[in-house]
Structures are given as C-alpha cells and as structure tokens.
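> Sequence and computational prediction follow.
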4 protein chains.
Amino acid sequence: MAQYNEKLSEEKVFKDPVHRYIHVRDKLIWDLIGTSEFQRLRRIRQLGTTYLTFHGAEHSRFNHSLGVYEIVRRIVDDVFKGRSEWNEKERMVSLCAALLHDLGHGPFSHSFEKVFHLDHEDFTRAIILGETEVNAVLQRIGIDFPKQVAEVIAKTYSNKQVVSLISSQIDADRMDYLQRDAYFTGVSYGHFDMERILRVMRPREDQVVIKQSGMHAVEDYIMSRYQMYWQVYFHPVTRSAEVILTKILHRAKQLHQDDYTFKQNPVHFYSIFKEEATLQDYLKLDESIILYYFQTWQEEEDKILSDLCRRFLNRNLFKYIEFHPANEEMMKLLELRTLFKKAGIDPDYYLVVDSSSDLPYDFYRPGEEEERLPIHLQLPNGDLRELSRESEIVDAISGKRRTDHKLYFPMDLIEDMSSRKSAKKKIIELLNIHK
Amino acid sequence: MAQYNEKLSEEKVFKDPVHRYIHVRDKLIWDLIGTSEFQRLRRIRQLGTTYLTFHGAEHSRFNHSLGVYEIVRRIVDDVFKGRSEWNEKERMVSLCAALLHDLGHGPFSHSFEKVFHLDHEDFTRAIILGETEVNAVLQRIGIDFPKQVAEVIAKTYSNKQVVSLISSQIDADRMDYLQRDAYFTGVSYGHFDMERILRVMRPREDQVVIKQSGMHAVEDYIMSRYQMYWQVYFHPVTRSAEVILTKILHRAKQLHQDDYTFKQNPVHFYSIFKEEATLQDYLKLDESIILYYFQTWQEEEDKILSDLCRRFLNRNLFKYIEFHPANEEMMKLLELRTLFKKAGIDPDYYLVVDSSSDLPYDFYRPGEEEERLPIHLQLPNGDLRELSRESEIVDAISGKRRTDHKLYFPMDLIEDMSSRKSAKKKIIELLNIHK
Amino acid sequence: MAQYNEKLSEEKVFKDPVHRYIHVRDKLIWDLIGTSEFQRLRRIRQLGTTYLTFHGAEHSRFNHSLGVYEIVRRIVDDVFKGRSEWNEKERMVSLCAALLHDLGHGPFSHSFEKVFHLDHEDFTRAIILGETEVNAVLQRIGIDFPKQVAEVIAKTYSNKQVVSLISSQIDADRMDYLQRDAYFTGVSYGHFDMERILRVMRPREDQVVIKQSGMHAVEDYIMSRYQMYWQVYFHPVTRSAEVILTKILHRAKQLHQDDYTFKQNPVHFYSIFKEEATLQDYLKLDESIILYYFQTWQEEEDKILSDLCRRFLNRNLFKYIEFHPANEEMMKLLELRTLFKKAGIDPDYYLVVDSSSDLPYDFYRPGEEEERLPIHLQLPNGDLRELSRESEIVDAISGKRRTDHKLYFPMDLIEDMSSRKSAKKKIIELLNIHK
Amino acid sequence: MAQYNEKLSEEKVFKDPVHRYIHVRDKLIWDLIGTSEFQRLRRIRQLGTTYLTFHGAEHSRFNHSLGVYEIVRRIVDDVFKGRSEWNEKERMVSLCAALLHDLGHGPFSHSFEKVFHLDHEDFTRAIILGETEVNAVLQRIGIDFPKQVAEVIAKTYSNKQVVSLISSQIDADRMDYLQRDAYFTGVSYGHFDMERILRVMRPREDQVVIKQSGMHAVEDYIMSRYQMYWQVYFHPVTRSAEVILTKILHRAKQLHQDDYTFKQNPVHFYSIFKEEATLQDYLKLDESIILYYFQTWQEEEDKILSDLCRRFLNRNLFKYIEFHPANEEMMKLLELRTLFKKAGIDPDYYLVVDSSSDLPYDFYRPGEEEERLPIHLQLPNGDLRELSRESEIVDAISGKRRTDHKLYFPMDLIEDMSSRKSAKKKIIELLNIHK
C-alpha cells in the first residue's frame, strides 16, 4: 500500500495563466492527472456555450480542475500546515477531492443533464468508485480511500473543514473559476485578492472561518461573483446558444424514439436516449463527439434537426426579448405559438422561454437548505459573526434571488414569412420588435 | 453593389482578453464573421497540440483572426487615416485580408499538411474565390474584390503597404499571435509595447517603415518572437504530440490503402487519403471531427493505430533525447531500428526524428528569398536603414538559423520488454537513458 | 490672440503607468504643463501621509493631474467629437480645467487647510486668475478664458456637460484617482472597466448620462470607490500620521504666537500663521519645504514640537482604539485627559479623536446638497432613470453615511510611565489595551 | 543577546505593488525598518532625476530596499531552506544585508557623489558600524554581527553564496530594481519571470548557479536589463536634469569658497563643501533638504545659481545633440566655448558634455575585474557552463561597452541672443540645430 506522502523525484510544474504555476510534488496527484478519465476533461469546455458570446472562453474543465487543486494545495501546505487537526491523510483527501471534483461533467453539461436526466455528481462518484484508472490510482492508498474522496465531493465527509475547502460559499472551486473565467473571457470583473483571503482563512472546528481583517477582500470576492453571474454566466446570447443546443438534443432523442432513420446513426447516444447509459458509455462522450454529430446532422433530412445544428455551428442564434411569465404574457405566448404553428415554424423548438434562475446560482445567506453554510468572520476576541451582519454590501445582496426570463425566437425565419404578411405583422407586434 | 463604407447602425464590439475590445463598424466585416467558413475557425486550435504542454493554449484561430483584424483596423483607422495614399477601398481590402488570412487552415494544420500534401494557403485562396459564403459576401463590393483580397494574402497585391500590414517581418499577424499565445499559455515572454510600434509605423512607398525612435520597441518585439519560438512553439513535448499525431494519420492512410476494414469507416478522410479532396470535403474537417475518429479508432483492431490514438488522447506521449544527425548517430539510429523491429515495435511509427527547423521560423535578415523583406528604420533626416545595422541585438540573431533535432520513442514500451532483456539493455544504452 | 486649436508641430507623449500614454497635441496644454505653478505639483503628494501606510503611494498630484487631463481628452476627442454641442472652445475649456483642477493644493492639504483655515479651491482660482505663468498662458486664448476655466472648476460654468466631466459623481477626477491610487498602493481594489464607461457616456442637455448597457461597469466603479475609501483613504495608520502632522502645525503656530524663539525660524510660515498668506507666499510652499522644517525642528528645545517631528519623520506613530463619542466614552476621555496631564503628557497633542467622516467622502444619492447630482442611466427608449433605482447594489450603499471614530495616543510614552505605575495601569485599563 | 530567530508575535505584511506582499516575521528586521536611518530612505528617490522624464518614477529607495529584502527572504526561506550549508545565522546576515544594502545613499546620489567626492558605499558601512540606531539593533544579535552584515555588502564576506544573493550579475538588487523601475515608470521592458529564476537557483560552493532549464528566463532578465539601461536609466532628458543638478552643486560650492554671501546660508552643506562631512552631517541630508535650498536659491543674487535652480525646479532643461569626442568635435567645442563666453553665457555651467558610460553599467562577461563573476548554468550532468557560451543572445551583447556622449546647452538663452546676431547664427550652425 502506498504512502500518503510518496513524492516525485522532482517536483513537476504546469505553467498556468491564472496561478502562474501549478506545483505537483505528490506521485498520486501526478498519476491521477495522467488517467484517461482526467484527460477527458480537456475535451469539455469549462463554460459550455459561453465561447459563442466571449470568444476567449474556450478553456476546458481540465484547466479549472488543476486550478482548484493548486488553491487547495496552497491552503493545506502554506496556511494549514502544522496545525494539529491536519495530517498527511487529510491533506491527500483534500488534494484528490479538489482535483477530481468535476470529473463527472459531461459535454455541455447543463443542457445535457436537463434533457437526459443525468447528474454529473453521480458520475463523478461513479468514476471515483467504479472500475476506472482513477479508482485504481486512488486504491493504492487504501481500499477505503476512493470512498473518502467521493464523500468529500458529496459533502458527507466527516471532517467538515475538508468539505469546506471544496464546497462552501467561499471555496477553492469558486475562487478558481471566478478568476479563470474572468481571465479567459477578458472581462474586468472576477478579480479579488485571493492571496489575502488565503492568508486570513482559519480552520476552526467544523468549518473554515475568515479573520475579520480580511472582510473587505471577501466582500470584493462576493461582488466579483455577483458580477460574473450577471455579466458572463447568464449572458442572454450564451443562453440563446444553450436553448438551441437543448432543442437539438431533444429533437434527436425524439427522432430516435420515432424510429427516424439517421444518415449518421447516433450510436454514442443510444443508451443515453434510453436513459440507460453505463459509465463506459458516458465516458466516451465529450464535446468533440457532440460536435461531430452536430456537423453530420446538418445534412439530415429532418428539417428541424439540420436547421438547429447549422444554427449552433454557425452561430446563427435566436433573438430574444424580456419575458415576464405573468398571466397576460402567458396569453401572448399562447397566441404566438398558434401563429408560429400556422406559419409552419414548430413552436416547441423555435419559441422558447429561458429563465436564468434555473442555472446554479446561490446567494449568501444561511437559510433553509442544509448545505448552504454561512461565511463566518472571526473577531479579534475569537467570537464568530456571520458575514452579512458585518458587511452592509453583502447584507444588501444576500438572500435576494434574482431571476431573469427571456423569450427566444428565430428572427430570420420570421423575416422570411413573406407569403404570410398578416401573421408576420402580428408576430412582430406581439414580440414588440421593430423592423 | 455595396459601398466600401457601409456601416452598421451601431458599432459591435467583442470583448477580447488581448486587445480589450474588438470593434466592428463595417457591415461587410460583420457579415464575414458570420459565415460558416469563418465560424469553422472556432473548431481549429491556434496552436495545434501545444495545449498538451501548456494547458491554457486551447484558444482557436477564430480568436487570433479577430485579433489580426483589430490590429490592422487600428493601423488604418488611427495611424494611416488621412494619408493621401489611403482610401476606403485600400482600407477595406486590408481589413478583409487581415480577418481572412488564416481561413484555409485545417485541423492540426502542421501535421495534416505534411501527411496529405496539402497547403492551407491554397485553401484560403480557394475559399475566398470559390462558391462559399465568404465569397458571396465579398462579391457584394465588386466582382474583382475577392481576387484582390486573395492577392493581399498571397503577397502579390499591387499596394505593397497593404501586403506589409498582413505579412512582413513586423506584421499584424505576428503582433497578434505573440501576444495572444503568451496570454493563453501564461508565459512571461511575448510582451512588447505594441501601442508604441503602431504609433511609429509610417507608410512609405512600397513598404511600412518604423521611425527610428521606436527601434527599442521593435527590438523587444523581435526578442519576444525569438523566445516564443524556442520556449513555446518548438517545445519538445508539443512536438512529441505532433509526432504521434502525424503517425496516426500516416497509419490510417496506410491501412486504407491496404484495404483494412475499419470499424469506424473514415468517410471524412477518403478523398484526403487519395489526395483528391474538394473544397467541400476540406471544409467539413475540423478538430472535433479528427478527435472523433481518434476516439473511435482507439478500439480498432490494428494495434498501432489504436495504441497511437490512445496515446494522443490520454497524453501518454513519447520521450525524447537530443539527436545530431551526423554519421555516427545515423548508424546508431539504424541499429536502434533493427533492435526495435526484433522487439516487435515498428520503428516506422515508434522511433521518430523530429527537427524543429521544419517548422515555420524565420530570422531577421534580408536575404535570398524574395519575400523576406527587411524592417527599415526611418531616421530623423528621412533616410532608411535596415534594422540590424542599427540594433546590435537584432544583428546578433539575424540570419542565424537554429535547428534542433530530437529522437522520439515510447519509453513505456521499452520498459515492458521484459522478455528481451539484452535487447532492452542495448536499446537503453544506445538511447543513453538511465533507468 | 491664439487659436483654440493651435497644435504642436509633433504630438508629445508622456509614458504613464495607468493610461499607458498621455497625449498632448495642443500647444496651450503643453505650455501650461511647463509653468512653474504646474511643475510645483510634482512636490506635493497625491495621497498625503498615505505613503507611511502603503509605501508605494509616493506619487504626486502632477501625475494625477495629467491623468485627469488624458481621460477628458479621450472623452472629448473620441466620444463627444462631432456632436453639435461640442466645439473647439468647449473642448479647450474642458482640457484646461481637467489639467488645472488641483492646482491650488498645498502640501499635505488636508491637515494644512484644517489648521490654517485655507481652502485649496480658493487658491486654484487665485492661480488661474492671478498674476501667474498659468494665467499668462491662458490669456493667450482670450481675456475671458481664465475666468471660464475657473468657472468650470467652481462648477458655475454655463455648460453643465463640461462641469460634469470634471466634477460629478462619475467624473474624470475620480476615475483617474481610483485607478492611480490603486496602482501605486498595489491594492487589488480600484479596478473597473473605464474603457467601457467612456464608450457608454452620452452628453445630454445639462449632464452626461450613461447608457443602460453600461450599468454594471458603473456599479463596479462605485464599488471600487467604496473599497478604496475604507481600505486606503481612511486607513487608521494613515490617519495616525495625519493626526501627528496636524499637531505639529498646531504646535508651531502656537509657539510662534507665544513668541517662542525658533532655532530655525519658520519664515515660510509667518504669513500662514497669521492667516494673511499672499498667493506668492502660498506658492512657495510644498512638501520639501515642510519636511525641511520638520527635520530642523527635531532639534528645537520645545519638547512637544521636536518629539512630534521625530515621530512623523521616523514613522513612530500613535496607536489607536475604536472610539464611540457617546456619553460614557466622553467621560472616559475626560478621565484620560486628566491622567495624561498628571503624567506630564499634554493631552491636547497626545490624545486625539479622529473621525473619518470629516474627510471628503460622498455617497451616491441625490440629496439636499445642490451639487451632488445623481448618475442617470439612459434606457433604450431614451428615458432616464437614476442609477440606484436600477442597481440593487448601488441602492444598498447609497445615502448611507458611515463614520469611524478612533482615539489616538502614544503607546511608547505610556509604557515609559514607570514612575507612575498606578496612573499607567489606569490608563491602560481605560484604553482597554493589553500589554 | 538576541536569537537569530526571534519572531514577531504575528507576521507583519507590507502591501507592495511589485511583489504583492512583503512579509516580515523576524523581530530584528521589523526593528531595522523602524530606525531613523532606514526611514530616511523614504526621502531619497530610487531613480534621482528620472521623474522629470517618466513622471511615475517618484518611488523611493525605501520601496526598493524592502523589495530586495523580500526577494532574498523568498530565496532563503523557500529555495535554500533545509540545505546543509544554510543555517539561521547565514539567513539573518542575508536578510539584513539585503535590507540595508542601499542605506548610505545620499540625495540624488549620482551627482552628489561626483561633485563632493563621496561614496555611498562608505556611508552604508559607516551607518552599519557607527553609532546609529541600525547598529544598535544589529548589535542585539552579537558584537560582530554588524561587521558581518557590512562585509556582505562590501563583498568580502566569507560565504560567497550570501554575497552572490546581494551582489552578482543576477542578484536580488537587480531583480527588484528592474521590475520596480519598470512598474513605476510604466515602460513595457523590465518584465521577466522572476518566479522561475528563483526556482532554478542552486547554491553551489562559492556561488549561486542556475539550472540550465532556466536559461531562457535568465536571457529575458538580461535583455530587460539592457533595455532598461538604454530606455530609462540613460535617457537623455534625465541626464539633462542631472547635468543641471551637478552644476548647481558645483556653483554653490564655488560661491561658498569665494565667500559669497548667501541669502539662505547653506548650513547643511558647510562640511560637505569642505569634504569633511561627519556621519551625522551626512544623515541630515535628503532630497527635501536639497529641494528646500534649490527653492530658496532661486532668489539668490548670483545669476547662475538662481537660473540653474529655476531650471531644475520648473523643468526648463537643457537641449542636447549627439557628440563624438574626437578631434574635430573637440575643436568645435572649444569654438563654442569662446562664442558662449563672448555672449556672456558661462560655458563651464552652460555647455556640458555628458557621457553615459560614466553611469554604472556593466555587461555580462567574466573579465579583468575581480568582482564581476560570470553567471553559471548547471547542466543536467552537474557540469557548469558560463552563460554566454550557451546563449547566443547573451553572447552577442556580453563584453561590449556602449557609450553615449551628448552635448547639453540652454536653447532658450541662445535664442535670446538677439543683440548678437552673428554669434547666435554661428552657434546655431555649430550645434547644427535648425530653428
């Protein structure tokens, strides 16, 4: 059985644009990075369809996973080192969980999971515990070790400090993705003083708290997150691409169920469509596979499938208007559906309401949900205070859920309705778009 | 016929991490970006296999093409504007050529072109002049306009100032890729004061010259380029991946010629293998298609093809040693080939010399080749002097070709030769690698 | 009479770490920079005593003034150019006012003005209108021109758009100092996307409004400002140095009034002490003069003056505790004063309450004060909305005045009270500081 | 006697724009920073008159000294820690020498030392060994400790690794100033990958060597240095200010020797003029004192002194032309001197040749001078090779001394020679300047 602290003969480094260098000294970590399951993350983008809005956002989950690992490594090696509650085993569980926390993500996760009723967290667990290269490497430490790593990711691990590092309101995951996504998109949000936050983190009983002197750095981090969500993650153009992607997957599934004969048979999708995908089936999927099918499907006879695929690949996206799902607007939507149908445009695929609060977004207030633990400040006298009590900025935005609904539609198809002038006019009127 | 200066009703901007914003005011440019041929560049990485060495280098040629366009736009709109020799037409030819200069690149261009005897410049020209969306947009300006744009890229255009902007020793192409590749890899090289260089550029007869006061900024640019070539572009690990990629393509082609029955038939490659690819065949190729085949080929019965695909996807690359292709070493190579064959490792695929001077690299001295024009400094009195006469740093490195040869081999297969201990020992000895 | 648009034969540039380059094309601007009154700003630090907390903050008001000029230049030359309400004269008034807006600042302005009842805005006006080199340069444009520039700075100028650029809740002054002070101190706050803000500014009737699409950039700017105030400008250590500085000036004035014989006669201060300073007297003052006196005063016989000067120069500052000026604490303060007196430590100089809301700080809400105009967003339909109605973050912090009171005292003197053990114990107890 | 490793109860940090944070854990270092001799460095600019060319360059030697300390701290705590040849004492000697290496610098060092025949290194030693606060703090470690620190700075210390860290061709001093001066001036040179260089440093016998894999980072560092020297440190405008400064000091000294009666008696200079300055006299000098005198001297009756002071303070500098000190040009210079004299402009003060090789500049080749040790690369097999043998870029510039001579003169005075038209014409002709 391997030791927790088996080291490489020489430290390896990865040049990283966000953290400058990522340092690997542990043989176990090095070997995990080399597994096929981890390398697969190179073929899954960190931000799904965001690259169609921010062209720089082409970075992969491989990138991000190394970044989360590096942040946790700095915390455990520089900040927590030497504290009595930390030992080599807790250190190694933390590092592995950080590195592997996103392992189960599929291609364009968000849409994919929604259409096929999958959960990337289930797959993360399955990869860690199943017959995989990752599992074999983890097993070298001990028969129970994979299970412990999986527990950290599932937030059920006994040492809550370790859980906190990977998933809490101020964890390594968020600290990496905010900075990384800001770097690759090029937006000016997303910057905060991580070095300072790391310096003021203190492990304490079953959580990690922040020294009060670091409060402003934490405020800045929370504001960065707020801005990144509304400026980048929920950008309406990104969601337009997401809507089309979702509809492509729906259509392909529907056609398959209807025994449509594909020119390019979707063999990679068979078990997914039936919702019986094995781990092996799932691991074969990545974004090049998806894009391969989208490309070939451009030439399918089914007009909807081929049109949607062309739109996605050539970034010919849907336009959108604000939509408030109250009574009156719902009536309008029904009317639009009828008009679309009459015009031969299937509203199930071409008239779509997307609400951004569907996307994972959480505000900073301790609440009903068990797992959303508050951020605690540690006062000079040792007392703890929940962050929003000390910070008026955080107080202002905590607990306020903000949702945004948009109605998406293909402007070009509407413009082409030249043979149906009155319907076209009515649609344009209802959508309140001025040509 | 459209006008050269048809403007969008409102300027569009792309957020760009390198140039902050990319500004589009011309309807023609906006429509070119929207063509399927240009959007295809999103699926072709700027730096081929470099992402396997520098994980940040996942950016596409789409990114870079916008960047080159933006640099040229700044030059023509801010620096050259109002000069008598510039007019709306020259401006528009310049912008289109900048945007489209890399349009014909295929997936993993370098290897692809070598194996299949293709030339991306031919395809760039073919896309601009052929039956494509790009051509249709360009035609709006005039029947000859596509040809003029193609001539700029081919360096045969009559206005040499326009040619200089796109391809010379200090052109927008290089200025963008050095900065962009540095940004995405995260290396500290690649930075120079582009704002200053743009300010000291002066159009002059058939070239663009640099005011002498900007000499040091140009020196810095040339040093950046030098460092980027040796630190990033010619990195031996990247070349290892390139070697494997090349061998995969060779093997697939060979198997096809030998009438091997593929589980996954390489339909996308048929015409390529026969070197009869049409423009339509070529445009269907991109890196997701290639990676799709590599994935499925992992399960082919041909051991070499499946092994090489697994290596590429899982980054299980070849190791390397320095290799000096002189007599003695060539003898050693022959001996190694024999030993490899005996051990059942096909040396045609597993023992490969790669020389980095094969890659496009050019030093800064006017020379025999017609098209390598020198950089000229314009002295205060109006005289011109070739850069290396004024700059001792540039003088030091100009005209000196540097080549680097490496011998690549699969260390793991050699280590596994347990049944052939003496051959293994001999191989290890010849490779001078210490286990 | 000179023309508004007399240009330099060649554009001059200053390398600037914040805006990269500062561009000067107008002869008038170049000549203003060359006046002795403007060059004097090199000898006055932008952030007073802040360099004793953040050692990088050694930059001068000269720096900042060029920065404000450059921002206004970009707005008028790039954003407002060609609009009917803008002409060469309004442009030149704006540029001059931007450059000169801080011209009247004295050395360590804040303390200086408080002790000697001066107002830097009065002096700015006096320099522009008086017998100075600056006035002579401005007069070249026209006899009324200096007055117009002074009116912009005094916010009484008729064209309110011009006034807005220089002084409003989102003006060039603030945009420069936030970025500049962040750069020189090295803090991670102070960054926002100024390029975007400049692009969404729109002159409109008597103000400059912001297109709604730029709201988040403005939010970010306001948060930067908030953080800079509390993290940098009101830093308690900076205020400790400010307290000592103020007390030095008070003491010197007092001694002068008491006919104390200085070893180094404070000739530069005579008229200042009497509050009869002429413009010429005032212009002779700068921070090297002040530091010269502080140095020589270290050797004065007056113990208080020499001690305070030594403290300031050697950064041997006062310690502090939180102080809430309510009844109970005021009683404690009186008790402390009595104890200090008994111990021979003059509480007028050594026991000081400093409140940071004394410092210039303003929140973002339209209010009673005439001149605090709100920031208006311009909706797509042309309507205006006050910012805090659209932005929940801004709403959260607008109108909330925050004050911070601290009590400063010399810890070292208290520690040295070895002959008065019980008084010392009592003082330590009242200050609630644990030795 | 104090211990080498007495720690502060809590680590102190300084926010630093270049290194992000400067960390102080040792009580000794904290106390040294608090001494009046070290605080004095806040009043001496790092780059002398450079702020008159690059307005951002207002940073002090205090800044730089902390930076050098931090780099050495990182090396000894992160890189060298645990190596057998390093112990607590060598660590502390290194840190103190790093912090104090520039302690003896006077105001505007370069000119000051030249005019008054002083040497800042002598004063550094004197402060460390004399009756100073710094000496008292160092003595706490041991009676010999100050001497050891002084020896490191004088390069005579027995442990050459320690000496190397502070003064060698790739030392912490240079690494800090290149980055810091680039940061504050805002130029794009001066950047290199220090993190990488620190990682490849290896202590070895009597030097610190660089692992071969770090060669390109070192090349980049050397190129940065080269560019900073010619772009920033030897900038001709900076030298113009330096020339005027030197002449002011010369004039004041001359007047004092001639028993001229100063309105403002230069008491701070008496012993300096006589070249009999004590340590106490010297320590009273800083740049505010100098600027105080320059200000008051603007009103002296001596025309030359007052004119030169006004020029310096108001940045009304001398113009310059290239000058090649060969025979013909020397004759021209003599002729110019004669013409200047006739015109009543004293050529001793107004016609000055400045050569930049006077300034401290050294190339990278081992040579005759004992102390210029080469940079050695450590090959994988352990052999050492001198850098320029491996790097063709370094080879190109090593050992090549470059000098630059300029002739400085007051253009405005020449223009004012209206009563002496023919002399004026002749001067303009000889200077080859076109009006």
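Sure, I can see it. Just so it is clear, the model here is predicted, and its values are computed rather than measured. Numbers count the residues shown, from 1 in each chain, chains lettered A, B, ... in the order given.

> Around chain C, pick out the residues from the stretch 301-435 of chain A.
Residues of the stretch 301-435 of chain A lying near chain C by Cβ under 8 Å from any Cβ of the partner chain: A:392-393, A:395-397, A:400, A:402. Using the backbone N, CA and C atoms, a C-beta is placed for each residue, glycine as well.

> Kindly provide the whole-number mean pLDDT of the helix or strand encompassing A:Val208.
Using DSSP states H and E, the element containing A:Val208 is strand A:207-211. In this model, strand A:207-211 has a mean pLDDT of 91.

> For A:Leu8, give me phi and psi.
phi -70, psi 150 (degrees, to the nearest 10).

> re earlier: convert whichever helix or strand comes after the strand holding A:Val208 to CSV, retaining C-alpha atoms only.
Remark: after strand A:207-211, the chain's next helix or strand is helix A:215-228, criterion DSSP H and E. Presented in CSV, the C-alpha positions along helix A:215-228 are these (Å, rounded to 0.1, in the frame of the first residue of the first chain):
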residue,chain,number,x,y,z
MET,A,215,-13.6,41.1,5.4
HIS,A,216,-13.1,43.6,2.6
ALA,A,217,-11.3,41.0,0.5
VAL,A,218,-14.3,38.7,1.0
GLU,A,219,-16.7,41.5,0.1
ASP,A,220,-14.7,42.0,-3.1
TYR,A,221,-14.9,38.3,-3.9
ILE,A,222,-18.6,38.2,-3.4
MET,A,223,-19.1,41.2,-5.6
SER,A,224,-16.9,39.6,-8.3
ARG,A,225,-19.1,36.6,-8.1
TYR,A,226,-22.3,38.6,-8.4
GLN,A,227,-20.9,40.5,-11.4
MET,A,228,-19.7,37.4,-13.1
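
> quick check, whatever helix or strand comes next after helix A:215-228 touching chain C?
From helix A:215-228 onward toward the C-terminus, using DSSP H and E, the following helix or strand is helix A:236-257. No: residues of helix A:236-257 contacting chain C under Cβ under 8 Å from any Cβ: none, with a closest distance of 11.8 Å.

> Any idea which of the residues of the stretch 301-435 of chain A next to chain C the model trusts least?
A:Lys400 (69).

> Just say helix, strand or coil for the residue in the stretch 1-150 of chain A positioned nearest to chain C.
Residue of the stretch 1-150 of chain A nearest chain C, by Cβ to the nearest Cβ: A:Phe54 (13.8 Å). Following DSSP: H, G, I helix; E, B strand; the rest coil, we place A:Phe54 in the coil state.

> In contact with the residue nearest to it when sequence neighbours are not counted, which residues are there?
Distances taken as Cβ to Cβ, 6 or more residues apart in numbering or on different chains place A:Thr185 nearest to A:Phe54, at 3.9 Å, with adjacent residues excluded. Counting by Cβ atoms under 8 Å, 6 or more residues apart in numbering or on different chains, A:Thr185 touches A:47, A:50, A:54, A:56-57, A:232, B:15, B:17.

> try 7 Å this time
A:54, A:56-57, A:232, B:15, B:17 (Cβ atoms under 7 Å, 6 or more residues apart in numbering or on different chains).

> Which residue ranges of the stretch 51-200 of chain A form helices?
A:61-74, A:88-100, A:109-116, A:120-129, A:133-139, A:145-154, A:160-166, A:172-185, A:194-200 (DSSP state H, counting those that start in this stretch).

> Now do A:Glu113: how many residues are near it, please.
17 (other Cβ atoms under 10 Å in any protein chain shown).
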